[in-house]
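*Asks:* Need the 3D shape of this:
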Amino acid sequence: MNRRHFLQVTGAALAGTAFGSRVRVSRAAEGPIKIGLMAPLTGVAAAGGREMVDGWTLWWKQAGNAVAGRAIEVTVEDDAGTPDTALQKARRLVEQRGVHMLVGNLLANTGLAVAEYVRGTGTPYFMPIVAADDLTQRHRIPNVLRVAGFSASQMTRPLADYALKKGYRKVVTIAQDYAFGHEQSGGFVQTFTEGGGKVAGQLWNPLNTSDFSPFLGEIQNLNPDVVVAIQTGADSARLLLQWYNFALKEKIPLLTSQNTVDQSVIRTMKDEPLGLASSAHFAEGRTDAANQQFVEAYAAAYNKLPAIFAAELYTCGMWVTEGLKKAQGKVEDRAVFLKAMREVEITASPLGKTRLDSYGNPILDIHIRQVTKRSDGKLWNTVLETYPNVSQFWKYNPEEYLKQPPYSRQFQGIKS
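*Replies:* Okay, here's the model as predicted:
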């Protein structure tokens, strides 16, 4: 589907909203606030991209497509999940459409490409999903904020603490062999080994692995107390199904990253992921009012329970709204607007309470979740335990922490 056709379809589907290429709405004297939303609507990450747009759309529909007396005009662009396309679309949005801000991207390589571009333009860029650690650590850019997202290694540190409290002392990790997998694995094993745990082995599977049996055999030979799986997309479902079919579920405890048992994965499964624990800043089964209002509204609008990407974009919409209110709608003054965005504190959202640290990354509650079954038979994630106010630097001094190398296959921060 090309961009023009996508915008026509979106505009028709959201009649009466400000989504689409040039939807006409009543405008304040200052004119509309123009936002460029980038998501992978074609390619391997298209399902996640659709959930991004759905979560974002739901928020602005609820907000009336206006804030601070100005209409909101959103142009959606398909980044196709590739850096070259993402860069091309970012340039089009900024240089031709004249957007006041960019929002989105899903894959790290697309986010990195856009971040480098806005380093030169000064355009505010808000990343609710792209989790590459160094974008808010060693290579941070003043006008790039990880609004409503997280840094990759931040999410797995509470999971390591939880594993230690459960009495696990010998772990094997199996992670996708790219930056996100390296960083999430590093956050886990560094925290785990500093707490007294040992790493029996680290396995790295290529993206789009169809057969996990060689890895599962090696895991059994290593005889761990616990296995930690860090997977996304189709690899998540394949690993969970094969784990179950190899009868390992009852033999070796399995913990996972948030994406491995995300709603986008488990909604099409049966009982294979039931009972699995993970760490995440979003749990669709969390019972507070703000979260349940979002879950119910999303389910009513799209006939499915929301995944993490939808929750992040919805919360990003909330954050942008509050920032614009603080800036009194003065989005053209980038310094004023970015300062306002850094000062926003969200008190109730699908992600709970959250605010930015001085590096532009959220401090937020991270939940240990468990896959359970609802009364209607659907699987979802409910909360076992909550770690409040988790920083991307965990319990480390930021300046000291940043002296260590970034996580990679070669450096995992393991304490011997």
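
*Asks:* pretty sure Asp211 is in a strand, no?
*Replies:* No: counting by DSSP: H, G, I helix; E, B strand; the rest coil, Asp211 is not part of a strand but coil.

*Asks:* so what's Thr315 closest to, chain neighbours aside?
*Replies:* Ala148 (4.0 Å; C-beta to C-beta, 6 or more residues apart in numbering). For glycine as for every other residue, the C-beta is placed from the backbone atoms N, C-alpha and C.

*Asks:* Would you confirm that the one you found contacts Glu312?
*Replies:* Yes: with contact defined as C-beta atoms under 8 Å, Ala148 counts as touching Glu312 (4.9 Å).

*Asks:* so what sits against both of those two?
*Replies:* Common neighbours of Ala148 and Glu312, counting by C-beta atoms under 8 Å, 6 or more residues apart in numbering, are Pro128, Leu351.

*Asks:* Could you chop this protein up by domain?
*Replies:* 5-150+287-364, 152-285+365-401 (automatic domain parsing).

*Asks:* which residues in this protein form helices?
*Replies:* 3-13, 46-62, 83-91, 108-121, 152-165, 179-194, 213-222, 233-245, 263-266, 289-302, 308-326, 334-343, 398-401 (DSSP state H).

*Asks:* Pro388 is nearest to which of those helices?
*Replies:* helix 152-165 (10.0 Å; C-beta to C-beta).

*Asks:* Output the contacting helices and strands for the closest one.
*Replies:* The contact analysis (3 or more C-beta pairs under 8 Å, 6 or more residues apart in numbering; DSSP states H and E) places helix 152-165 against helix 179-194, strand 226-230, strand 254-256, strand 277-280, strand 362-373, strand 379-390.

*Asks:* Dump these into TSV; add mean pLDDT, distance to Lys353 and mean neighbour count as well.
*Replies:* Below are those laid out as TSV (pLDDT from 0 to 100; distance: least, C-beta to C-beta, whole Å; neighbours: other C-beta atoms under 10 Å):
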stretch	mean pLDDT	distance to Lys353	mean neighbour count
helix 179-194	97	22	25
strand 226-230	98	26	26
strand 254-256	98	25	26
strand 277-280	98	15	26
strand 362-373	98	7	22
strand 379-390	98	8	17
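
*Asks:* just so I know, which of these lies nearest Val295?
*Replies:* strand 379-390 (8.6 Å).

*Asks:* Is Val147 in contact with Cys316, as I believe?
*Replies:* Yes: here Val147 reaches Cys316: they are 5.2 Å apart, a contact under C-beta under 8 Å.

*Asks:* overlap in contacts of these two?
*Replies:* Joint contacts of Val147 and Cys316 (C-beta under 8 Å, 6+ apart) are Phe126, Pro128.
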